[in-house]
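A.B. asks: Sharing a model that was predicted from the sequence below.
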Amino acid sequence: MNYQQLVADLVKHARAWPGPEPLEIPNIPVQQHEDNWLQLVVNPGETLTPEVGSGPCPRMQGLVIFQIYAQREKGWGAAYDIATRIGNHMAYQSIGDIDTLAYTPEDFGEIDGWYRVNVNIPYRC
């Protein structure tokens with residue numbers, strides 16, 4: 001599997017999320033939003049070669065990051081509600097050759113009028 005296919009598979013699964021909040025994906029300009037929304041980032045990590053038997057067998061790993069933007073007035077409650085729902089949708093999944101692991105929310109507080117929480121989900125394939 002190459003990186004382009006890995007990102008395509010992760011984006012496809014993320015877009016199947018039934019949540020009402022709009023999801024922005026990589027390489028598409030971000031729209032202006034007035035209500036809660038998310039942005040997807042696929043951050044590649046180190047590629048390992050755990051076995052070389054008859055030839056190298058690389059294992060790619062990294063993070064799927066959802067940047068959640070909730071209206072400041074709704075605060076952390078709305079952001080963590082979205083974080084829980086998207087985390088449950090993406091964690092512990094087998095997406096083709098990709099396995100996702102447990103999600104971890106990361107609180108950034110208020111940024112530019114939005115309350116922001118990131119959801120980090122490790123993957124490997």
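C.D. replies: Cool, the structure landed.

A.B. asks: From now on I want contacts and neighbour counts done on CA atoms only, so please keep to that.
C.D. replies: Noted.

A.B. asks: Buried residues, the lengthiest helix in the chain. List them.
C.D. replies: Longest helix in the chain, counting residues (DSSP state H): helix 75-90. Neighbour-count burial for helix 75-90 flags 75-76, 78-80, 82-83, 86-87, 89-90 (criterion: 16 or more other C-alpha atoms under 10 Å).

A.B. asks: Rebuild those as TSV, extending it with distance to V64.
C.D. replies: Formatted as TSV, the buried residues of helix 75-90 follow (distance: C-alpha to C-alpha, whole Å):
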residue	distance to V64
G75	23
W76	21
A78	21
A79	17
Y80	17
I82	15
A83	13
I86	11
G87	10
H89	12
M90	9
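
A.B. asks: Name the nearest residue to V41, ignoring sequence neighbours.
C.D. replies: Nearest non-adjacent residue to V41, counting by C-alpha to C-alpha, 6 or more residues apart in numbering: I65, 5.0 Å away.

A.B. asks: Pairing partners for the helix or strand of the chain with the lowest mean pLDDT, with directions?
C.D. replies: When each helix and strand of the chain is scored by mean pLDDT, DSSP states H and E, strand 48-51 comes last, with a mean of 76. With DSSP bridges as the test, strand 48-51 is paired with strand 57-59 (antiparallel).

A.B. asks: packing partners for the helix or strand following the strand it pairs with?
C.D. replies: Sequence-wise, the next helix or strand beyond strand 57-59 is strand 61-71, with elements assigned using DSSP states H and E. Under the contact definition 3 or more C-alpha pairs under 8 Å, 6 or more residues apart in numbering; DSSP states H and E, strand 61-71 sits against strand 37-44, helix 75-90, strand 114-124.

A.B. asks: try it again with 10 Å
C.D. replies: Judged by 3 or more C-alpha pairs under 10 Å, 6 or more residues apart in numbering; DSSP states H and E, strand 61-71 is in contact with helix 3-15, strand 23-24, strand 37-44, helix 75-90, strand 98-100, strand 104-111, strand 114-124.

A.B. asks: Next, the angle from the longest helix of the chain to strand 114-124.
C.D. replies: Taking axes from the mean of the first three to the mean of the last three C-alpha atoms, to 10 degrees, one finds that helix 75-90 is oriented at 20 degrees with respect to strand 114-124.
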